[in-house]
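Undergrad: Give me coordinates for this.
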Amino acid sequence: MRATQAVIDLKKLKNNAQYLQKKAQGREMMGIIKADAYGHGVIPAMEALLSLGWKYFGVATIEEALELREANREADILILGTTSPEDFPLCVEKGISFAVHDRESLDVALTLEGPAKIHIKVDSGMHRIGFSPEELFALRESVAAINPTGIYTHLARADEEDKSSALAQVSLFKKVVDELKEEGLRFEWVHFANSAAILELDLSFSNMVRAGVALYGLSPGKLHPQLQPVMCWQSRILAVRDIEAGEGVSYGHRFVAESPRRIATVPIGYADGYKRQMSGRIAAWIDGTECPQLGRITMDQVIFDITDTQAKVGDEVELMGEHIPCDRLAEAADTINYEIVTTLGKRVRKVFL
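TA: Alright, predicted model coming up:
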């Protein structure tokens with residue numbers, strides 16, 4: 001069996017969830033488990049949160065929602081992204097909540113038979129999907145006719161140190177909710193807070209929050225040491241060899257040794273999500289030592305400098321974990337921690353603690 005694996009510590013996931021619960025101060029928790037729970041395994045993640053009493057879960061697509069419904073008949077599942085109107089009847093049949101975000105989706109929702117669980121999406125400044133405040137107010141009678149369960153928006157810059165943009169979005173969203181309430185519309189759930197907002201903003205008038213990347217111990221923007229990374233990426237040394245000064249390593253010999261080196265090959269590559277952009281910019285933890293990565297990262301294998309270690313074939317390699325945090329991989333790949341964990345390749349075996 002290939003040695004490369006992602007170890008998922010569900011106890012740490014629960015600890016993060018409980019910390020976020022405290023920050024939410026009694027508001028209902030929605031666990032965001034889209035993209036295979038940010039690469040951490042969606043069904044085990046959902047089951048861990050269910051064991052804490054969480055009942056609400058957010059996903060991005062109807063396919064993700066149907067997978068969860070197959071695993072659990074009781075959980076309340078909201079498709080936060082767009083759902084094709086032709087799939088609205090299936091959502092009603094399966095008891096899946098979905099978003100209405102424009103005139104077309106509203107018109108189709110008005111024709112549905114049976115009780116539909118609908119959340120109204122408001123565009124308060126993200127400008128991806130959602131009704132503008134003006135559109136929503138003009139269509140308020142039709143919106144009232146579908147008896148929506150919730151109303152929500154998404155913050156574009158809540159993870160930045162300067163919170164003025166996020167606060168402006170929250171203020172606009174509150175104005176929309178207040179005006180609709182004055183017209184007689186009532187919503188069971190009002191939500192705007194993503195992970196960054198839960199951790200750093202006044203949650204004010206909302207009664208539900210959406211916990212995403214922070215659940216997995218990854219900080220959105222500012223570092224939050226109370227969060228514990230849930231995933232550890234491990235492998236083992238596949239081969240060891242000695243090279244002399246002037247010898248090159250990997251495709252194109254991008255790295256050429258300036259002195260004799262001892263190198264180790266590890267079975268992981270960019271097909272597993274260990275990104276090629278990190279070539280020459282990252283390290284692994286081997287035999288109690290930080291070992292630089294050498295040459296180009298290839299599809300299936302990568303090479304590390306183990307000259308200053310006693311490492312041998314079969315020894316464990318920490319690719320991401322206690323000593324090599326996810327944020328460091330993200331920096332080396334010129335991306336964000338979200339992308340590192342969500343693009344974990346399917347060849348990487350998941351082991352759940």
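
Undergrad: Using CSV, list the CA coordinates for stretch 11-21.
TA: C-alpha atoms of stretch 11-21 as CSV (Å, rounded to 0.1, in the frame of the first residue of the first chain):
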residue,chain,number,x,y,z
LYS,A,11,-11.2,15.1,18.2
LYS,A,12,-9.4,18.2,17.1
LEU,A,13,-12.4,18.9,14.7
LYS,A,14,-14.7,18.7,17.7
ASN,A,15,-12.5,20.9,19.8
ASN,A,16,-12.5,23.6,17.0
ALA,A,17,-16.3,23.3,16.7
GLN,A,18,-16.8,23.8,20.5
TYR,A,19,-14.5,26.9,20.4
LEU,A,20,-16.5,28.3,17.5
GLN,A,21,-19.7,27.6,19.4
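
Undergrad: Which positions in that stretch come out as buried?
TA: Neighbour-count burial for stretch 11-21, counted by 16 or more other C-beta atoms under 10 Å, picks out Lys12, Leu13, Lys14, Asn15, Asn16, Ala17, Tyr19, Leu20, Gln21. No exception for glycine: its C-beta is placed from N, CA and C like everyone else's.

Undergrad: average model confidence for that stretch?
TA: Taken as a whole, stretch 11-21 has a mean pLDDT of 97.

Undergrad: which residues touch that stretch?
TA: Under the criterion C-beta atoms under 8 Å, 6 or more residues apart in numbering, residues 29, 31, 40, 45, 48-49, 51-52, 54, 195, 198-199, 209, 211, 214-217, 226-230, 353 lie in contact with stretch 11-21.

Undergrad: can you do 7 Å?
TA: For stretch 11-21, contacts defined as C-beta atoms under 7 Å, 6 or more residues apart in numbering pick out 29, 45, 48-49, 52, 198, 211, 214-217, 226-228, 230, 353.

Undergrad: Show me these that map onto helices.
TA: Ala45, Ala48, Leu49, Ile198 (DSSP state H).

Undergrad: Show me the two of these that sit farthest apart.
TA: Comparing every pair within these by C-beta to C-beta identifies Ala48 and Ile198 as the most remote, at 18.2 Å.

Undergrad: what ranges do the helices span in the stretch 201-350 of the chain?
TA: Under the criterion DSSP state H, counting those that start in this stretch, the stretch 201-350 of the chain contains helices at 326-332, 337-342.

Undergrad: Just put those in a markdown table and tack on mean pLDDT.
TA: Output for the helices of the stretch 201-350 of the chain, formatted as a markdown table (pLDDT from 0 to 100):
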| stretch | mean pLDDT |
| --- | --- |
| helix 326-332 | 96 |
| helix 337-342 | 95 |
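
Undergrad: Dump the ones in helices among the contacts of stretch 11-21 into CSV; add distance to Thr335 as well.
TA: Converted to CSV, the ones in helices among the contacts of stretch 11-21 look like this (distance: C-beta to C-beta, whole Å):
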residue, distance to Thr335
Ala45, 22
Ala48, 27
Leu49, 27
Ile198, 23
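
Undergrad: Buried subset of those as a PyMOL selection?
TA: To isolate the buried ones among those in PyMOL, judged by 16+ other C-beta under 10 Å, type:
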select buried, resi 45+48+49+198
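
Undergrad: related to what we said a few turns ago, can you say which of the helices of the stretch 201-350 of the chain is packed in most?
TA: helix 337-342 (a mean of 22; mean count of other C-beta atoms under 10 Å).

Undergrad: Identify the residues contacting that one?
TA: Outside of helix 337-342, the residues within contact range by C-beta under 7 Å, 6+ apart are 35, 38-40, 213, 216, 218, 231, 326-327, 329-330, 333.

Undergrad: which one of the residues you listed is nearest Ile96?
TA: Comparing those against Ile96 with C-beta to C-beta picks out Ala35 as the nearest, at 17.4 Å.

Undergrad: Flag every buried residue along the helix or strand harbouring the closest one.
TA: Applying DSSP states H and E as the criterion places Ala35 in helix 34-39. Under the neighbour-count criterion of 16+ other C-beta under 10 Å, helix 34-39 has Lys34, Ala35, Asp36, Ala37, Tyr38, Gly39 buried.

Undergrad: I'm done for today, thanks for sticking with me.
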